[in-house]
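Participant: one predicted model, sequence on top.
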Amino acid sequence: MSGRLSFLRHLIFPPRCAGCGACLPPAHDEEPLFCGECERTWERELRAQCPQCHADYPDCDCVPHEMKKAGISHLVKLVPYGEQYKVARHMILSMKGAPRDRLAAFLAKEQSEGVLRALERCECEKKDALILSFPRNKRAVRRYGVDQARELALALSREIEIPYSALLRRRKHTKTQKKLSQKERTLNLVNALALDAVPQARCVILVDDIVTTGASVSAAAGILRAAGVSKIVAVCVAQTQKKK
């Protein structure tokens, strides 16, 4: 699309900021993703520090104990999740409600360095890796028309040139995890997942949007380990901080 046509389209249908939803001014070139304030806020959110190792979240190597027990060697994340992290929260919630291709591509680019670093530490080459996503509840997919983890995984696949596969699926309907305790989340996912085939990869990169207790990715990791996958890297946009 030419610059003039793009400008006219943006004038009639103004793009909205991915961080707050406000209308953005028309642009002659590529439309921006954030307003100026949200762009600055996102940069600050990326500098949030892990309470355990005090590294910035994108550089943090901490993996929760339950996830380690499930066989996850690395957890790649960008930011903490919570009401005070407004831009990250708005992006994640907007991806749950409708397809957001540009936003998924942006987040995949932000994640790519951490994912490649995790593969290097696993001593795994890209040709020996495969990307999977934690499948969203089918009722939610029918309601909103999107599986946000799948969108993130596909964008990451394009960004780092590692193939994506939809091998992981849900076998049954489960309760929404949001209001469940860690124990209830774990029980909720018993026998809920299955693999359509054995992944032909040494390392699986498992993508989800948020990690809270780690029950979801741990349940998926258990199935992958049972299928013979030796290395599992979990990837998320945000990790919920433990409440004291």
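Facilitator: Here it is on my side, so go on. Predicted model only: the values in this text are computed from it and were never measured.

Participant: every contact and neighbour count from this point should use C-alpha atoms.
Facilitator: Fine.

Participant: now do the strands in the chain.
Facilitator: Along the chain, the segments classed as strands by DSSP state E run 72-76, 79-81, 129-133, 168-170, 193-195, 203-207, 210-211, 231-235, 238-240.

Participant: could you dump those to a markdown table with mean neighbour count?
Facilitator: Listed next are the strands of the chain as a markdown table, based on neighbours: other Cα atoms under 10 Å:
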| stretch | mean neighbour count |
| --- | --- |
| strand 72-76 | 25 |
| strand 79-81 | 25 |
| strand 129-133 | 24 |
| strand 168-170 | 19 |
| strand 193-195 | 17 |
| strand 203-207 | 26 |
| strand 210-211 | 22 |
| strand 231-235 | 26 |
| strand 238-240 | 20 |
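
Participant: which stretches of this structure have low pLDDT?
Facilitator: Scanning the chain for pLDDT under 70 picks out 1-13, 27-29, 172-191, 242-244.

Participant: in it, which helix is the longest?
Facilitator: Longest helix in the chain, counting residues (DSSP state H): helix 101-121.

Participant: now do that helix against strand 203-207, angle only.
Facilitator: 150 degrees (axes from the mean of the first three to the mean of the last three Cα atoms, to 10 degrees).

Participant: name the helices or strands packed onto helix 101-121?
Facilitator: Helix 101-121 is packed against strand 72-76, helix 148-160, strand 231-235, with contacts defined by 3 or more Cα pairs under 8 Å, 6 or more residues apart in numbering; DSSP states H and E.

Participant: strand partners of the last one, parallel vs antiparallel please.
Facilitator: It stands for strand 231-235. Take DSSP bridges as the rule and strand 231-235 pairs in its sheet with strand 72-76 (parallel), strand 203-207 (parallel).

Participant: extract the CA atoms of the last one and return them as CSV.
Facilitator: As requested, C-alpha coordinates have been extracted for strand 203-207 and formatted as CSV (Å, rounded to 0.1, in the frame of the first residue of the first chain):
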residue,chain,number,x,y,z
CYS,A,203,14.3,-29.7,22.3
VAL,A,204,10.8,-28.4,22.4
ILE,A,205,10.1,-24.7,22.9
LEU,A,206,6.7,-24.5,24.7
VAL,A,207,4.9,-21.2,24.3
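
Participant: and the contacts of that strand?
Facilitator: 124, 128-134, 149-150, 152-153, 217, 229-236 (Cα atoms under 8 Å, 6 or more residues apart in numbering).

Participant: what do you get for the first one?
Facilitator: For strand 72-76, the external contacting residues (Cα under 8 Å, 6+ apart) are 58, 60-63, 111, 114-115, 118, 122, 218, 221, 231-236.

Participant: show me the contacts for residue 53.
Facilitator: Counting by Cα under 8 Å, 6+ apart, residue 53 touches 60, 62.

Participant: how about it, phi and psi?
Facilitator: Torsion angles at residue 53 (phi, psi; degrees, to the nearest 10) stand at phi -100, psi -10.

Participant: list the buried ones in stretch 74-94?
Facilitator: Within stretch 74-94, the residues that count as buried by 16 or more other Cα atoms under 10 Å are 74-81, 85-92, 94.

Participant: try stretch 110-125
Facilitator: 110, 111, 112, 114, 115, 116, 118, 119, 122, 124.

Participant: thanks a lot, catch you later.
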